[in-house]
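In: Below: sequence and its predicted model.
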Amino acid sequence: MTTFSQDEKVPMQIRPGASFHRTIILKDDSGASKDLTGYSYFCQIRSEPAGALLAGMAVVVTAVVGMVEFSLTKTLTLLVGEVGGVYDVIEQLDSDPEGTTNWLFGGNVEVLPTVTEV
């Protein structure tokens, strides 16, 4: 598992036609796993900031251990195409009536070629 700081640019590498999965553990300021109860997490891949939506990632949260899992199906990695794009992960407190979000991290989506043919 990769360690990085909030607000850091974190590249995402995908292969067209292959499923993608990333698991992160969010920690609080003391280094303990953050309790994610009451939060929702979202992740989208776009052609560029505010550009065309290429894919929305499935997000599964295990709140008590601070774990967030993101995934793309094989079909969705094909939709991202050969050029990639940009992505980010945002957090929203479910009880916030304003729907305020916090940007956690994001970066470029790099599309890697698949070499082996079956």
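Out: Good, I have the coordinates. Numbering: from 1, shown residues only.
In: Give me the below-cutoff pLDDT ranges for the chain.
Out: Applying pLDDT under 70 to the chain picks out residues 1-8.
In: what about the strands in this protein?
Out: Under the criterion DSSP state E, the chain carries strands at the ranges 12-14, 20-25, 39-46, 53-56, 58-62, 67-72, 85-93, 101-111.
In: Looking at strand pairing, list the partners for the closest residue to His21 other than its chain neighbours.
Out: Excluding its sequence neighbours, the residue lying closest to His21 (C-beta to C-beta, 6 or more residues apart in numbering) is Ser71, at 4.7 Å. Where C-beta positions appear, they are placed from N, C-alpha and C, glycine not excepted. Per DSSP bridges, the residues bridged to Ser71 are His21, Ala58.
In: Now do the most far-flung residue of the chain relative to its centre against Ala58, distance only.
Out: Within the chain, Val118 marks the point farthest from the mean C-alpha position, 29.0 Å out by C-alpha atoms, centre = their mean. According to C-beta to C-beta, to the nearest Å, Val118 stands 25 Å off from Ala58.
In: quick one: Ala52 and Gln44 touch, right?
Out: No. Counting by C-beta atoms under 8 Å, Ala52 stays clear of Gln44, with 10.6 Å between them.
In: These two: which is more packed in?
Out: Gln44 (16 against 9; other C-beta atoms under 10 Å).
In: Before I go, just wanted to say thanks for your time.
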